[in-house]
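> Please find the sequence and the predicted model below.
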Amino acid sequence: YIESRPDSALAVLKAIDVENLSSNEEKAKYALYMSMALDKNYIDKTDFKVLQPAIDYYEDHGSYTDKLRTFYYQGRIYQNGGDDESAMMAFVKATEYKNRVYDSYTIARCYYAQATLYYKLYDHKAIIETSKQAFEYYTQANSFNNQMKCLLRIINAYCHLKEQSQADIYIDKCQSLLGKVDKTIEGSYYATMLSYCINFSLDNLLSKILDDYISSIDKTLIDWASVSYAYLILKDYDNAQMAMERYHKPEGDSIKEAKFYSMWADIYKAQKDYKNALAAYEHYLALSDSLDLIIFEQDTQFIEERHQLEMATIKEQEKKKQIIVIFATIVSILILIAIWINSRLRLSRMEKLVAEKETERYKLLYAQMEDERDNLNALLKQNEENKLYCDNEDYKNLSDWAKQTIKQYPAKENLSFEKVPAPSCVCATGRFFS
């Protein structure tokens with residue numbers, strides 16, 4: 001809703017009574033939405049009065065999307081106030097959440113904002129890198145106008161680096177979007193193509209692009225400074241002057257203002273109006289020196305590298321902690337395995353000791369059985385000798401019992417003392433005959 005109808009969203013938010021918001025979460029959400037609506041309505045804030053509740057709350061709470069957006073709008077406020085270093089830091093922090101959220105629009109804006117800051121530093125390689133990132137996320141968001149804006153920045157940067165083959169790649173991509181963007185963006189495309197032709201001395205193509213630009217784009221949407229420079233290259237000084245007269249002096253943008261005076265200096269010089277050419281050139285030099293000083297004082301180009309170094313250090317520390325945890329886990333497992341093995345060995349030794357004692361006991365029992373067997377044999381022999389004095393039926397019973405008992409004794413060669421069964425024989429004693 002804020003994206004599609006920012007003016008209506010702002011009206012709705014202003015109608016909310018902030019005093020009725022009870023929790024810190026509600027206040028933070030309101031602060032974030034209000035900052036988003038203000039930015040989308042081109043109301044540039046330079047203080048944190050509106051956004052501060054969101055900054056305080058989302059530092060330790062909220063979703064990754066809320067954190068991402070808060071850092072982005074924090075950066076926008078710094079940017080509006082001219083604190084480019086703090087703005088860059090906020091944008092870089094915001095992009096740390098790019099793999100955790102689905103808000104492609106805000107991620108793209110963070111990279112595009114970084115490219116804007118690098119533009120002020122004439123860091124063309126950084127402009128290309130951040131604009132490519134922004135293009136990828138705007139592609140995910142299906143934002144054709146913003147895709148084109150990123151591509152045009154990339155082409156301009158390659159023109160400054162004199163890398164025509166790379167610029168050609170992105171010109172082809174731009175042409176595939178021409179039917180999908182509005183006329184303002186299409187006008188920017190023609191202005192960029194003029195710069196491309198001038199940088200690579202393509203005068204024939206320059207004339208065609210210039211004619212197409214003026215004939216197909218509304219006059220209010222034409223970049224007359226770029227048109228004037230094209231005429232100047234083609235040595236059409238009268239049209240160059242007429243174009244510059246339609247170009248209003250930019251206020252508050254030192255880069256464009258310097259370009260403005262540089263153009264007039266070249267036009268006056270071509271017309272041999274050396275007095276005005278000198279005056280315009282002096283204005284240009286003053287602005288150029290001021291820009292050099294700003295670039296020298298800015299520390300923005302080192303922010304991202306420092307932040308990446310800090311992040312790399314943190315990741316290295318986390319990696320070391322993970323290694324320590326893994327090592328401690330392995331050691332603990334080995335200790336548990338050693339304890340288990342030791343307990344098994346102790347149990348095995350105890351079982352072996354018990355088995356040895358049982359074997360000795362069974363050997364003793366077997367010796368007793370052998371004695372009993374010998375006693376029974378002796379009884380049988382004695383009964384044979386005394387059968388004349390005994391009742392025949394008694395003798396038969398005694399003889400049968402003795403023989404049956406002897407059969408129950410296991411043979412020694414068939415007995416294993418490793419697992420000796422409990423004896424089941426009946427032991428005879430002399431008391432049977434008493």
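Looks like it came in fine. Numbering: from 1, shown residues only.

> what sits against the closest residue to residue 66 other than its chain neighbours?
Once flanking residues are discounted, residue 66 sits nearest to residue 58: 5.0 Å by CB to CB, 6 or more residues apart in numbering. Backbone N, C-alpha and C define where each C-beta goes, glycine included. By CB atoms under 8 Å, 6 or more residues apart in numbering, the contact set of residue 58 is 28, 32, 66-67, 70.

> Next, residue 58: phi, psi?
phi -80, psi 0 (degrees, to the nearest 10).

> how about the spatially most central residue of the chain, secondary structure?
Nearest to the mean C-alpha position of the chain, counting by CA atoms, centre = their mean, stands residue 99 at 4.3 Å. Here residue 99 takes the coil state, with states given by DSSP: H, G, I helix; E, B strand; the rest coil.

> If I look at it, what pLDDT would I see?
Confidence at residue 99, expressed as pLDDT, is 91.

> Also residue 384?
pLDDT, residue 384: 64.

> With the one 10 residues further on instead?
Per-residue confidence (pLDDT) for residue 394: 58.

> same thing with residue 33?
For residue 33, the predicted pLDDT is 91.

> so where's this structure uncertain?
Along the chain, segments meeting pLDDT under 70 span 249-255, 287-317, 320, 380, 383-434.

> longest helix anywhere in it?
Longest helix in the chain by number of residues, with DSSP state H as the criterion: helix 300-386.

> helices and strands around the helix or strand containing residue 190, which ones?
Secondary structure from DSSP states H and E places residue 190 in helix 183-199. Helix 183-199 is packed against helix 144-160, helix 164-175, helix 203-216, helix 224-233, with contacts defined by 3 or more CB pairs under 8 Å, 6 or more residues apart in numbering; DSSP states H and E.

> and the residue nearest to the centre of the chain, what are its phi and psi?
Phi and psi for residue 99, reported as degrees, to the nearest 10, are phi -90, psi 0.

> wait, what's in contact with residue 2?
By CB under 8 Å, 6+ apart, the contact set of residue 2 is 9, 33, 36-37, 40.

> out of the residues you listed, what pair is the most spread apart?
33 and 40 (10.6 Å; CB to CB).

> Mutual contacts of those two, please.
2, 9.

> In terms of neighbours, single out the busier of the two.
Neighbours per residue (other CB atoms under 10 Å) separate residue 33 from residue 40, with residue 33 holding more: 19 against 16.

> ok, the residue lying closest to the more buried one once chain neighbours are set aside to residue 102 distance?
On the basis of CB to CB, 6+ apart, the spatially nearest residue to residue 33 that is not a chain neighbour turns out to be residue 13, at 5.9 Å. Distance, residue 13 to residue 102, by CB to CB, to the nearest Å: 23 Å.

> between the helices and strands packed on helix 183-199, which gets nearest to residue 185?
Checking the helices and strands packed on helix 183-199 against residue 185 by CB to CB gives helix 144-160 as the closest, at 4.9 Å.

> picking up where we left off before, looking at residue 13 and residue 102, which is more packed in?
Legend: neighbour count by other CB under 10 Å for residue 13 and residue 102, higher for residue 13 (17 against 9).

> Please tell me how far the more buried one sits from residue 72.
In terms of CB to CB, residue 13 sits 18 Å off from residue 72.

> got it, and residue 142?
20 Å.

> got it, and residue 99?
Relative to residue 72, and taking CB to CB, residue 99 is found at 16 Å.

> Angles on the backbone of residue 182, please.
Dihedral angles phi and psi of residue 182 (degrees, to the nearest 10) take the values phi -80, psi 170.

> check contacts around it.
residue 145.
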